[in-house]
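Enquirer: okay, sequence plus prediction incoming.
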Amino acid sequence: MKILVTDKIVDEGIAILRGKGYEVDTRYGMTPDELLAAVPAYDALIVRSATCVTAEVIEAAKNCKIIGRAGVTCDNIDVDAATAAGIPVCNVPTSNIVSAAEHTMALMLAAAREIPAASNSLHEGRWSRDEFMGHELFEKTLAIFGLGRIGGLVAERARAFGMRVIGYDPYCSVSRASQLGVALYDSMDEVLPVADFITVHVPRTEETHHMFSAEEFSKMKDGVVLVNTARGGIIDEAAMADFMAAGRVFACGVDMLEAEPAPETPLSEFDRAVLTPHLGANTEEAQARAGVNIARYVANGLEGLVVPTVINMVSSDLADAVANYIPACQMCGSVLAQLSGGIPKNLSIMAAGPCANDLQVLSASALGGVLSRQGQASVSSENVDASARRHGVKMDVSVSADSRGYDSIVSMEADGLEISATVPGSLHETHIVSILRYRLDVVPADYALVFLYPDEPGQIGRIGTILGEEGINISTMAIGKRTDCKEVLVFLNVESEASKDVVDRVAAAIDANRAWSIRL
Ligand SMILES: NC(=O)C1=CN([C@@H]2O[C@H](COP(=O)(O)OP(=O)(O)OC[C@H]3O[C@@H](n4cnc5c(N)ncnc54)[C@H](O)[C@@H]3O)[C@@H](O)[C@H]2O)C=CC1
Ligand SMILES: O=C(O)C(=O)COP(=O)(O)O
C-alpha cells in the first residue's frame, strides 16, 4: 500500500511506515493541482497544516482509506467531505499542546519586555537601555479566551508567574475553570476592560472570526498586551494595528497571521509586534510526538486496527476516557506477547474506572497488540471474538472495582505473565505501572530491555557498562521490587535495538533469571 506525505514530518515517522512495508512518498510543497493529480494513487494521506485537503481532493482520493493530520487542528481538511466519502480522519491531539503553550508564554514575555526590538538594537550596534521599558507579568490580570487543552496549559504556566488568571469560554465548565485556578466570566464585555494581558486559544470558526475587532479593542484597558497562537483571522489585524498606532495596545505576540502563508500583515510596521511564522508546534519534541504517533495511527487504520484519535465516524459512546486506553491496551498486548515469546493461549483483561465503559474496544486493542508482532493485527470491535478464536486465544474481559488509586487502569494477564497500565494527565501518555507484578512507573519507548535479576549492589553499573560499550544509550530506567521476591525487575528504555548477543551478555553479567528485548 502507498502513503503520501505532503507536509514534513520527522524521519522516524516515515521509517515506522516504511518498516511496516508501506511505500511512502514525501512530496512537500505540492500545488493544489499536483495534489489532485497525485492523490488517487494512494491508500493514505498524511498532512500538517499547510496542505488543504479540500472536498475536491477527497473526491479524487478514490483509494484513500485514512487521512492523518500530524498535529492538532484539522481545519485544513474538509472533514465533512471525508466522512461522506467514508474516510476516517485522525490527528494527534496532544502532540504539540505543550509547545504551543510554551510559545504563548515566550511571546507574552517577549512582547511585554520588547525583546526582539531590544535585541535588534544591539545587532545594529546601539546600546540603548532607556528605549526599552517593559512590564512584569507578576500580579497582572491575564484573560484567556478558550480554556481547552492549550488554554489550560497556559493558565497553569501563567499562575506560576504570579498572574491573576481569568477566562472566557462559554463551553468550559465551572469545575474545570476552578481546577485550573481561573475565574470564569460569562461575557467578553466583562473581561476586556480588566485584562492587562489577553491570550487567545479558541478554534477558528464562524463564531470566532474577528472575535477581536475595533469594538472589542475599544473596550480593552490601555496598554494591554495581546497574544494569538491560535489561528489567523480571530484577531482583526488591521484593527489591532490601529490601536497599536494609537498607543492603546502596548505590544502583541502573533504566531498566526490571517494571510498565512503570506508574510503580510499591517502589524509588521510595529517594533512591538512580535511576529512568528506559525512556530507553535515547531519543536523537536512536538514534532517527534506528532510524526511518530500519526505514523502509528495511519498504519493502524490501514491494518484495520482501532485508531484512537479518529475525529469523524467515532461512535458517540467511545468517550475520551476509553479512547485514551486504546493505545495503552495495544501496548500492553504487544509487551505481553513479547514477554511470553508468542501468542498466549489465555488472555485476561481487567479494566477499572471510566476506561471500562467499552470493554469490546479495549479487548480488540489488546488482541491487536498481541497479534501485532506477527503482522496479523486486523482486529476491530466487530471481529475480536472471531479473531481470538482463529488464533487460539481464550479471552476473558472483566470490570474491576479496584483502580489502585488511578482514575482508570487496565491490567492484563497472559499465561501467568502480567502487565498493568494507566494514562494519567493531559499528555495521553501510557505509563506501565506494574509488570510481572513488580510495581514501577515507566513510559515505554520504542526499544526496551527488561531483566529479572538478584537484587545486589553494583548490578545497574554492570548493565550500564555493557550497554555503553555496545553504544546503546539508556534513555530512562525504572526498577520494580516485590516484597515477596529477592529478585528485582529493571525496565530500561534504550535508544536503539540491542542484539540478542548484547542482551545475553548483560544477562550473564548480572546473573539474570530472565531477560527480554521489547520492540514497540
Ligand atoms: N500555533 C500553533 O502551532 C498551534 C495552534 N493551535 C491552535 O490553538 C487553538 C487552541 O487549540 P486547543 O487548545 O487544542 O483547542 P481545544 O479545542 O482544546 O480548546 C478550544 C477551546 O476554545 C473554546 N471556545 C470555542 N469557541 C469559543 C468562543 N467563541 N469563545 C470562547 N471560547 C471558545 C472551546 O470551548 C474550547 O475549550 C486552536 O485554534 C488551534 O488551532 C493548536 C496547536 C498548535
Ligand atoms: O496542530 C496545530 O493545530 C498546529 O497549528 C500546528 O500546525 P503544524 O503541524 O505545525 O503545521
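Expert: Everything's here; your move. What you see is a predicted model, and the numbers here were worked out from it, not measured in a lab. Ligands and ions are numbered 1, 2, ... in the order given.

Enquirer: what parts of the protein come near ligand 2?
Expert: 48-49, 70-73, 96, 280-281 (Cβ under 6 Å from any ligand atom). All C-beta spots, glycine's among them, are computed from the backbone N, C-alpha and C.

Enquirer: output the lowest mean pLDDT helix or strand found in this protein.
Expert: helix 320-323 (a mean of 76; mean pLDDT, DSSP states H and E).

Enquirer: ligand 2 versus Ile343, what's the distance?
Expert: In this view, Ile343 and ligand 2 are 38 Å apart by Cβ to the nearest ligand atom, to the nearest Å.

Enquirer: equivalent analysis for Glu34, please.
Expert: From Glu34 to ligand 2 the distance is 19 Å (Cβ to the nearest ligand atom).

Enquirer: so that residue is in which element?
Expert: helix 32-38 (DSSP states H and E).

Enquirer: what pairs with the next helix or strand after that helix, and is each one parallel or antiparallel?
Expert: On the C-terminal side of helix 32-38, the closest following helix or strand by DSSP H and E is strand 44-47. Strand pairing for strand 44-47, using DSSP bridges, gives strand 2-5 (parallel), strand 66-69 (parallel).

Enquirer: C-terminal to strand 44-47, what's the next element?
Expert: The helix or strand immediately downstream of strand 44-47 is helix 55-60, counting by DSSP H and E.

Enquirer: buried set for that following helix?
Expert: Of the residues in helix 55-60, 57-58 count as buried by neighbour count, 16 or more other Cβ atoms under 10 Å.

Enquirer: so Ala337, which of the three states?
Expert: helix (DSSP: H, G, I helix; E, B strand; the rest coil).

Enquirer: how about it, what does it touch?
Expert: Ala337 makes contacts with 343-344, 369-373, 414, as judged by Cβ atoms under 8 Å, 6 or more residues apart in numbering.

Enquirer: now with 7 Å?
Expert: Contacts for Ala337 (Cβ atoms under 7 Å, 6 or more residues apart in numbering) come out as 343-344, 370, 373.

Enquirer: could I get the strands paired with strand 44-47 as TSV with distance to ligand 1, mean neighbour count and mean pLDDT?
Expert: Shown next, in TSV, are these (distance: least, Cβ to the nearest ligand atom, whole Å; neighbours: other Cβ atoms under 10 Å; pLDDT from 0 to 100):
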stretch	distance to ligand 1	mean neighbour count	mean pLDDT
strand 2-5	19	22	98
strand 66-69	11	28	98
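
Enquirer: to Ala110, which of those lies closest?
Expert: strand 66-69 (28.5 Å; Cβ to Cβ).

Enquirer: which residues touch the closest one?
Expert: Counting contacts by Cβ under 7 Å, 6+ apart, the residues touching strand 66-69 from outside are 44-47, 53, 77, 82, 87-91, 294, 297-298, 301-302.

Enquirer: of these, which belong to strands?
Expert: 44-47, 89-90 (DSSP state E).

Enquirer: now the buried members of those.
Expert: Buried among the ones in strands among the contacts of strand 66-69 by 16+ other Cβ under 10 Å: 44-47, 89-90.

Enquirer: okay if I get those as CSV plus pLDDT and distance to Ile432?
Expert: Below are those laid out as CSV (pLDDT from 0 to 100; distance: Cβ to Cβ, whole Å):
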residue, pLDDT, distance to Ile432
Ala44, 98, 30
Leu45, 98, 33
Ile46, 98, 28
Val47, 98, 32
Val89, 95, 30
Cys90, 94, 24
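
Enquirer: closest one to Asn63 out of those residues, please.
Expert: Ala44 (9.0 Å).

Enquirer: any idea how far that closest one is from ligand 1?
Expert: 22 Å.

Enquirer: residues contacting that residue?
Expert: 3, 64-66, 68, 298, 301-302.

Enquirer: could you do Gly392 as well?
Expert: Applying Cβ under 7 Å, 6+ apart to Gly392 gives the contacts Lys345.

Enquirer: residue numbering should commence at 109 henceforth.
Expert: Happy to do that; since the first residue is 109 now, the last one works out to Gly500.

Enquirer: re the thing from before, tell me the buried residues within the residues of the chain next to ligand 2.
Expert: The neighbour count (16+ other Cβ under 10 Å) marks 156-157, 178-181, 204, 388-389 as buried among the residues of the chain next to ligand 2.

Enquirer: now do the contacts for the residue most central in space within the chain.
Expert: Centroid-nearest residue in the chain, with Cα atoms, centre = their mean: Ser203, separated by 2.1 Å. Ser203 is in contact with 179-180, 394, 397-398, 401, counting by Cβ under 7 Å, 6+ apart.

Enquirer: now those as CSV including secondary structure, distance to Val611 and pLDDT?
Expert: As requested, the contacts of Ser203 are exported to CSV (DSSP: H, G, I helix; E, B strand; the rest coil; distance: Cβ to Cβ, whole Å; pLDDT from 0 to 100):
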residue, secondary structure, distance to Val611, pLDDT
Gly179, coil, 37, 96
Val180, coil, 38, 94
Ala394, helix, 33, 97
Arg397, helix, 28, 95
Ala398, helix, 31, 97
Asn401, helix, 27, 95
